[in-house]
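[1] Got a predicted structure here, sequence first:
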Amino acid sequence: MESWFSSFKNERVHGDRFGIRDEMKAMEFEYIEVFYNRKQSHSTLGYQSSVQFMQDWISTQSMKNRKHETYLLEDEKRAREVT
């Protein structure tokens, strides 16, 4: 957690002055939601961005579902052939 705050301060806050709290909150939101969560690689996700990790996971799930559906259709076809 400390390294996150260090990165946040060095990449976004260092040297900036904010006139009002809402300006700072908007900059925090932009950093977290646009840069950090979408583009920054995360060690817990195999050094992928969270967006890339989710895209890969969804793709994997889709392939698993297609394989499962194919298996069910083939199983149903075999069952009809036996009867």
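    Yes, it's here.

[2] Just the buried positions in stretch 70-81, please.
    Buried residues in stretch 70-81, counted by 16 or more other Cβ atoms under 10 Å: none are found. All C-beta atoms are positioned from the backbone trio N, CA, C, and that covers glycine.

[3] ugh, wrong one, I meant stretch 49-66
    Buried positions in stretch 49-66, judged by neighbour count with 16+ other Cβ under 10 Å: 49, 50, 52, 53.

[4] tell me what the biggest helix by length in the chain is packed against?
    The helix spanning the most residues in the chain, taking DSSP state H as the definition, is helix 50-82. Packing partners of helix 50-82 (3 or more Cβ pairs under 8 Å, 6 or more residues apart in numbering; DSSP states H and E): none among the helices and strands.

[5] how far is it from where the chain is centred?
    Chain-centre distance of helix 50-82: 22 Å, with Cα atoms, centre = their mean, to the nearest Å.

[6] Now do the contacts for the residue most central in space within the chain.
    The residue lying closest to the centre of the chain (Cα atoms, centre = their mean) is residue 50, at 2.5 Å. Going by Cβ atoms under 8 Å, 6 or more residues apart in numbering, residue 50 touches 37, 38, 42.
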